[in-house]
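Participant: Below is the sequence, then the predicted model.
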Amino acid sequence: MRTRRIFALTISMMMVISFLVMPISFAEVVTGDTYYVAVDGSDSNDGSSENPWRTILHASQQLTAGNTLIVRGGTYVDDSVRVIGAGTAEAPITIKAGDDEIPVLTGTGKPEGIIHFNVNNKYIIIDGINLKDTLYISPIRVYNAPVTVNDSSNIVFRNCTFTNNIGETGTFMTFTLASFLTVEYCSFNTTGGELKAPGSGSGDGIYVNSCTSTVIENNHFVKCGHYATDFKDNNDGGATTSYNNVIRGNLIEQYWGGGIGLIFGAYNNLIENNIIYYAGAECEYPKTGIQLAADGNIIRNNIIGWTSDGSRGGYSATAMSMLSYPLREVYQNCNDNRIYNNVFYKSGGRPIFINQKNETTVDRNKV
């Protein structure tokens, strides 16, 4: 009966809708030309439905604002997405799976990643594209986008699956110095540690470096070696960092590493309505459901349950840790955070581990 009461209470709490950063909202969309790519096509074709192109690399390089590329089902080996230009708010570039079709990209693609966007790319939608058995440290990179509203990326990943990235320290997605990104309704399963012992602590589902206004919501994460999603600075000692981001409504069934990490100066971020299970269950070094080593964040309305058994000591069995410690010779602080209305269920150790709490509120949490 106690379990039923806890989950009934949690469901009612998670009905609370809150907004720190809104998902990308394009203006009324202007539809342009539609092109097609298929495994039995040819890059010498015109890209029509009857005469599709053969490679996603060639097809994506032809796209301009308002264009849509329909990717037909099949396996695309060592292929890549490389959009040369940009869409606009009124006319985004869209790359999406055909109706009831499952396109899969596999292998290595290009050295900088299978799907790669840079400062020239903005207002692009990736919908229903799947990556499987990739061989990268990070198969997707979104980087060098300025952290400004006027010159930001505005990239959307939607309804995509990412399965079995077998690089030694593999990470599915790396975002760096980008803004206004959305990852929604995607699935991430197994990255990091394949060439080491499983759960060795390497590899994130989504690794976010110094980004702002990124929304990660309604995704499913399973077996990410390090964290499901990790927000931090750009390895520059805190000169740039991640802020005003939202991690909302995700289901994280880790079994390996940690759930969500906010570290190294990541501030003014919102973590809410996530369900996190089995954090740190098979990781060789301590991991927790939510790790906070940053200031000024809100963590609310989350469920964290069945964390590891604590046999590794420290904070490895905690549902949530609030820490202050040195990293790369820069001291991280954990001040002025708001932790409330969370449910900590069957933690292997303490529900919350705290070694710094200055000006932080921890209130109305259920254990």
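Facilitator: Arrived safely.

Participant: Okay, now the unreliable bits of the stretch 201-350 of the chain?
Facilitator: Applying pLDDT under 70 to the stretch 201-350 of the chain flags the ranges 201, 234-239, 282-286, 308-317, 326-329.

Participant: Which parts of it are helices?
Facilitator: Under the criterion DSSP state H, counting those that start in this stretch, helices are not mapped anywhere in the stretch 201-350 of the chain.

Participant: Assess the claim that Tyr331 and Ala293 are in contact.
Facilitator: No: between Tyr331 and Ala293 there is no contact under C-beta atoms under 8 Å: 9.8 Å. Heads up, the C-betas are built off the backbone N, CA and C, glycines and all.

Participant: Can you pull up the most central residue in the protein?
Facilitator: In the chain, the residue lying closest to the centroid (C-alpha atoms, centre = their mean) is Ile206, at 3.4 Å.

Participant: Now for that one: which residues touch it?
Facilitator: For Ile206, the contacting residues are 171-173, 175, 183, 188, 216, 228-230, by C-beta atoms under 8 Å, 6 or more residues apart in numbering.

Participant: now do 6 Å
Facilitator: 173, 229 (C-beta atoms under 6 Å, 6 or more residues apart in numbering).

Participant: For it, give its distance to Lys366.
Facilitator: 28 Å (C-beta to C-beta, to the nearest Å).

Participant: for Glu253, same thing?
Facilitator: 21 Å.

Participant: Looking at these two, which has the bigger crowd around it?
Facilitator: Glu253 (18 against 15; other C-beta atoms under 10 Å).

Participant: that older thread, show me which of Tyr331 and Ala293 is the more surrounded one.
Facilitator: Ala293 (23 against 10).

Participant: so the more buried one makes contact with Gln332?
Facilitator: Yes: judged on C-beta atoms under 6 Å, Ala293 makes contact with Gln332 at a distance of 4.2 Å.

Participant: Quick check: neighbours shared by these two?
Facilitator: By C-beta under 6 Å, 6+ apart, no residue touches both Ala293 and Gln332.

Participant: In stretch 113-133, which of the residues would be classed as buried?
Facilitator: By 16 or more other C-beta atoms under 10 Å, the buried positions in stretch 113-133 come out as 113-118, 121-131.

Participant: Alpha carbons of stretch 34-44, as CSV, please.
Facilitator: Extracted C-alpha coordinates of stretch 34-44, given in CSV (Å, rounded to 0.1, in the frame of the first residue of the first chain):
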residue,chain,number,x,y,z
THR,A,34,10.7,17.7,-51.5
TYR,A,35,13.5,15.3,-52.5
TYR,A,36,14.1,11.6,-51.9
VAL,A,37,17.0,9.3,-51.1
ALA,A,38,16.9,5.5,-51.2
VAL,A,39,19.4,2.6,-51.0
ASP,A,40,18.7,1.7,-54.6
GLY,A,41,18.9,5.2,-56.0
SER,A,42,21.7,7.0,-57.8
ASP,A,43,23.4,10.3,-57.0
SER,A,44,23.2,11.1,-60.7
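
Participant: part of a helix, is Ser60?
Facilitator: Yes: Ser60 forms part of a helix when assessed by DSSP: H, G, I helix; E, B strand; the rest coil.

Participant: correct me, but it touches Ser80?
Facilitator: No: look at Ser60 against Ser80 with C-beta under 6 Å: they stay out of range, at 7.8 Å.

Participant: show me what contacts Ala59?
Facilitator: 37, 53, 69.

Participant: Report pLDDT for it.
Facilitator: If you check Ala59, the pLDDT there is 98.

Participant: Over to Arg4?
Facilitator: So, for Arg4, pLDDT stands at 39.

Participant: ok, Ser44 - how many residues close by?
Facilitator: Ser44, neighbours per other C-beta under 10 Å, totals 9.

Participant: any idea how far it lies from Pro52?
Facilitator: From Ser44 to Pro52 the distance is 11 Å (C-beta to C-beta).

Participant: residues shared between the contacts of those two?
Facilitator: With C-beta under 6 Å, 6+ apart as the test, Ser44 and Pro52 reach no residue in common.

Participant: Next up, the contacts around Asn218.
Facilitator: Applying C-beta under 6 Å, 6+ apart, the residues near Asn218 are 184-185, 249.

Participant: Local confidence estimate at Lys196?
Facilitator: For Lys196, the predicted pLDDT is 51.

Participant: can you check Thr68 too?
Facilitator: 98.

Participant: correct me, but it touches Ile95?
Facilitator: No: using C-beta under 6 Å, Thr68 is not in contact with Ile95; the gap is 7.7 Å.

Participant: higher neighbour count, the two?
Facilitator: Ile95 (25 against 18).
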